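> here's a sequence, model it:
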Amino acid sequence: MQLFPEKIINLWNRSQVRVMILFSLVLQIILIIFSNQRKLTARMWIRIIVWSAYLTADWVATVALGNLASTIGDSEDSTTVPNNALQEFWAPFLLLHLGGPDTITAYSLEDNELWLRHFVGLNIQVGVAFYVFFRSWGNSALTFLTIPIFISGIIKYGERTYALWSSSSEHFRDSLPSSPDSCQDFVKYVDQDMSGKRAEGSEEAMVIPQNSINRENHYLVLAYFLFNRTKFFFAKRTLDEKERLCIYSIFKNRQDAKEVFKLIAVELELIYDMFYTKAAIVYSRLGIFFRCITFSCSFSALVFFFTIIDTHAYPLIDISITYLLLVGAVLLEVYALILLFLSYWAKLWLIKLKNSQHNSLSKSWVNLFWKFFSHSQTLLTRTKRWSESMGQYNLLRFCLKTVQPSCIEVQKLPFTRKLIERNYLTWVDVNSDRHLQEKILGYLKEQGGMLHMNKISYLGRDPLLSRRGNFALRERHQFDKLASQWCTIGVEFVDSLIIWHIATDLCYHGDLYDMYRGNIVDSNCKISKYLSDYMLYLLVFRQSMLPKGIGEVRYRETCAEATKLFKQKRDDDISSESKACKALLQHFSNLLQNFENMLQNDEKNADDFNEFFKGESHSLLKYGLMVSKQLQNVHERKWEIISDVWVEMLIYAAHNCGWKEHAQQLGKGGELLTHVCLLMTHFGLTKQYVSTHLLSFTPEWEKQMPSLSDLEVSDLEEEETNASDLDRMNLEECTTQQKL
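Residues are numbered from 1 along each chain as shown. Predicted coordinates:
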């Protein structure tokens, strides 16, 4: 029994090639328009469209090419059939579609590692297209019009394969030179002595743009200089101390946080192009030459088809589809050329031509190009360079939604929990919040300055990079050792993140009454709330960007505990987060009172803390309540303390996130964490800077050693002790399980 009537089956057999090639063209249009937008937004719908089109495009083009080959094989002489003769002309267009647009070669980094599969596919698909071409060979003009489209298709498909190969991890690492490009056409190295005069060539050089470069293009040439060095970090290679000093010279005197983050955003956009587009081949002399060839081939095929081919000899529908393919190919080429001219790479090329002493073009031609494309700078400055937003996710809000769900049955369906959780996300504009940018920049400038003051700076990095809230509590705000360590380095990083997230929420909603009354709210309050919800967003939806651990398990346990408590108090009014916070404080009032009594004891010691926590379950919810109680004792400086702790946690997470994970997020709108990580490296806060000098252990060397405070030394020792205790407990637990 047939599922479909025979008429429908016959109709599909006659029109399947037409449908599939039109569908392939539509997918190419979607890709070239939307693929460049996915780096500018963190919203899901753009990524779904691009992901669907990216996966479907190759499959549709491959199947359509196979159908064409099958049709040719079934026909003894296809040239005598007008339908077949025109449809065989479509084969090279499918190669064009398999080559894809310039704006996307890989959807994720894993696609670059599959370059060999695409290379094999290139040979197979070109072979099938040639089979169709030679089987339909004849003396008609249509046969000769196929040749330029073939040339264009092979170039496009070859460019895509080369771009994937060049961005694969192994080749990318091996292709980097031994040292970064000096970028002499864009920047110069100068030294500033005590008199303030700059002299060429020095050991500790300052990097500034060339004098001939307009001020509005300074950020672009500096971003390109940084890009050539950041590539080494993404390839997991190192730079020497001299490069660190050059990079640091760009940032050490910058005060405008907005300009600094703009510089980082442009640098990351260049990195995005390197990993996800055809930038490796298109923005080169060979790439420009290929682009001229492909445009000429497509345009000439359209003109000759319009003037030479007798359209009355073929079915009207096939003629219409052929025109759509030809016009579509030309328009896509024009759109690609426009994007090429409006790109940062074209601007850099023009700047290089203007400043190069040995350029192949005359100055008059260069000035003509410059005037023609000068408006592109204005267009570039009006567009976003990344999503400029950070996700916000709140534990208490999610628990309240779980207690009072709007759609209980839907929530029980598989794969819907994560989707429902995403609906509760909010997004905050990072670039509009100058206080947040200034806070991050100020902290990194302080740490970078401390590092720069020591000649052997790389020896003092580890203590700076290991701070995750403990230093802010002890050094900056004079908390005692016990009160600062138990909630920071005394637990795993993810645990401390959840603890401080809960404490921040309790403090925030406790101060809401003052906000409603119109009292001035410290900017640190807003910073703390943003970073608290952002870090939890990373924990729930970007776990790979945080240090490894059992973060998902600890988060689910805390949610389950809070949800259970809220269900018990369902009869009470806990409809809002503020009321839920009050309910938590009332429920654990005795515990909090005992904790406060212990804190106020001047003779407290580690044994008192251990005895107190021994009687309590390892509950992050209770620990968060205790931290909020602890912060209430310093009400005047509360939000400054909380914001400092969160900035340290953000810096710690950024440093411990791998470069591969940072690169993955560039195709998803980007993350604030990636921008912070890159800014850290530019201030020298990374272990990928190495020294080429041998150390001699002399009294002079000891004086140059970066001195650690006693607090930091004790914190490092305490962290090692905690790690040892944790290993011992795990070993004992494993031994017990084996005995059982």
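
> off-centre distance for the helix or strand hosting L226?
Counting by DSSP states H and E, the element that carries L226 is helix 218-234. In this view, helix 218-234 has its centroid 16 Å away from the chain centroid, taken as Cα atoms, centre = their mean, to the nearest Å.

> other residues contacting it?
172, 176, 180-181, 183, 186-187, 207, 209-210, 213, 238-239, 243, 247, 250, 259, 262-263, 266-267, 270-271, 274, 344, 347-348, 351, 659, 662-663, 678, 681-682, 686, 688 (Cβ atoms under 8 Å, 6 or more residues apart in numbering). (Glycine included, C-beta is placed from N, CA and C.)

> pLDDT averaged over that helix - what is it?
The average pLDDT within helix 218-234 is 95.

> now the closest residue in space to V330 that isn't next to it in sequence: how far from Q87?
Leaving aside its chain neighbours, V330 sits nearest to S298 (4.9 Å; criterion: Cβ to Cβ, 6 or more residues apart in numbering). Distance from S298 to Q87, counting by Cβ to Cβ, to the nearest Å: 19 Å.

> then L666?
41 Å.

> the two: who's more crowded?
Q87 (25 against 22; other Cβ atoms under 10 Å).

> adjacent strands (with direction) for whatever helix or strand comes next after the helix holding L226?
Following helix 218-234 in sequence order, the next helix or strand is strand 239-240 (DSSP H and E). Sheet pairing of strand 239-240 (DSSP bridges) gives strand 689-690 (parallel).

> now do the longest strand along the chain: which elements does it pack against?
Longest strand in the chain, counting residues (DSSP state E): strand 187-192. Counting contacts by 3 or more Cβ pairs under 8 Å, 6 or more residues apart in numbering; DSSP states H and E, strand 187-192 is packed against strand 198-200, strand 206-209, helix 218-234.

> please work out which residues outside the host helix or strand of the residue nearest to V330 touch it.
Using DSSP H and E, S298 sits within helix 285-308. Contacting residues not belonging to helix 285-308 are listed as 141, 145, 148-149, 151-152, 155-156, 159, 278, 281-282, 322-323, 326-327, 329-330, 333-334, 336-337, 340 [Cβ under 8 Å, 6+ apart].

> what's the residue nearest to F172 when sequence neighbours are not counted in contact with, if anything?
The shortest distance from F172 to any non-neighbouring residue, by Cβ to Cβ, 6+ apart, is to A235 (5.7 Å). By Cβ under 8 Å, 6+ apart, the contact list for A235 reads S169, F172, R173, L176.

> can you check V132 too?
For V132, the contacting residues are L65, L68, A69, I72, E88, A91, by Cβ under 8 Å, 6+ apart.

> please name the nearest non-neighbouring residue to A257.
Q437 (3.7 Å).

> look up phi and psi at the one you found.
Here is the backbone geometry of Q437 (degrees, to the nearest 10): phi -60, psi -40.

> now swap in V19 and tell me
Dihedral angles for V19 - degrees, to the nearest 10 - are phi -60, psi -40.

> next, count neighbours for it.
V19 is flanked by 13 other residues according to other Cβ under 10 Å.

> repeat for the one 4 residues further on
Counted with other Cβ under 10 Å, residues neighbouring F23 total 16.

> mind listing what it touches?
Counting by Cβ under 8 Å, 6+ apart, F23 makes contact with V60.

> swap in F683?
Y248, F251, L444, K445, Q447, G448, L451.

> so who does the second one touch?
The reference is to F251. Counted by Cβ under 8 Å, 6+ apart, F251 has contacts V260, K445, G448, L679, H682, F683.

> tell me which two in those residues are the farthest apart.
Pairwise distances across the contacts of F251 peak at 12.0 Å for V260 and G448 (criterion: Cβ to Cβ).

> quick check: phi and psi on G549?
Main-chain torsions, G549, degrees, to the nearest 10: phi 170, psi -160.

> cool, N431 as well?
phi -70, psi -30.

> ok, it to L444 distance?
Distance, N431 to L444, by Cβ to Cβ: 17 Å.

> more neighbours, those two?
A side-by-side neighbour count of N431 and L444, using other Cβ under 10 Å, places L444 first with 21 against 18.

> tell me if that one really is in a helix.
Yes - L444 sits within a helix when classified using DSSP: H, G, I helix; E, B strand; the rest coil.

> the nearest residue in space to it that is not next to it in sequence and L324, how far apart?
With sequence-adjacent residues excluded and distances taken as Cβ to Cβ, 6+ apart, L444 is closest to F683, at 4.9 Å. To L324, F683 is 54 Å away according to Cβ to Cβ.

> any chance you could map the strands in the stretch 351-500 of the chain?
389-392, 426-429 (DSSP state E, counting those that start in this stretch).

> of the contacts of F683, which belong to helices?
Judged by DSSP state H, helices contain the following of the contacts of F683: Y248, F251, L444, K445, Q447, G448, L451.

> ok, the residues you listed vs F566, which is closest?
F566 lies nearest to L444 out of the ones in helices among the contacts of F683, by Cβ to Cβ, at 39.2 Å.

> so the closest one sits right up against M680, yeah?
Yes - L444 lies in contact with M680 (Cβ atoms under 8 Å); the separation is 6.2 Å.

> and for those two, which residues touch both?
I651.

> spit out the contact partners of the nearest residue to R468 once chain neighbours are set aside.
Closest residue in space to R468, ignoring its immediate chain neighbours: Y652 at 4.1 Å, by Cβ to Cβ, 6+ apart. Residues near Y652 by Cβ under 8 Å, 6+ apart: L465, S466, R467, R468, F493, P547.

> same question for V428.
Taking Cβ under 8 Å, 6+ apart as the criterion, V428 is in contact with S389, M390, Q392, Y530, Y534.

> who does it bridge with?
With DSSP bridges as the rule, V428 is bridged to M390.

> can you check the pLDDT for it?
The model reports V428 with a pLDDT of 84.

> equivalent analysis for L114, please.
pLDDT, read off for L114, is 92.

> thought it was touching L164?
Yes - here L114 reaches L164: they are 7.2 Å apart, a contact under Cβ under 8 Å.

> who's more crowded, the two?
L164 (23 against 13).

> in what helix or strand does that one lie?
Here L164 is assigned to helix 141-167, by DSSP H and E.

> what mean pLDDT would you report for that helix?
Helix 141-167 carries an average pLDDT of 92.

> buried set for that helix?
The neighbour-count check on helix 141-167 (16 or more other Cβ atoms under 10 Å) flags 142-143, 145-146, 148-167 as buried.

> next one: stretch 210-228
210, 213, 217-228.

> for it, measure first residue to last.
One end of stretch 210-228 to the other measures 17 Å (Cα to Cα, to the nearest Å).

> so how far is it off the chain centroid?
Distance of stretch 210-228 from the chain centroid (Cα atoms, centre = their mean) equals 23 Å.

> what helix or strand is the closest residue in space to H587 that isn't next to it in sequence on?
Once flanking residues are discounted, H587 sits nearest to L565: 6.5 Å by Cβ to Cβ, 6+ apart. Assigning secondary structure by DSSP H and E places L565 in helix 551-568.

> buried sites along the helix or strand just after the helix holding S298?
Once helix 285-308 ends, the next helix or strand along the chain (criterion: DSSP H and E) is helix 316-341. Across helix 316-341, burial judged by 16+ other Cβ under 10 Å covers 318-319, 321-322, 325-326, 328-330, 332-333, 335-337, 339-340.
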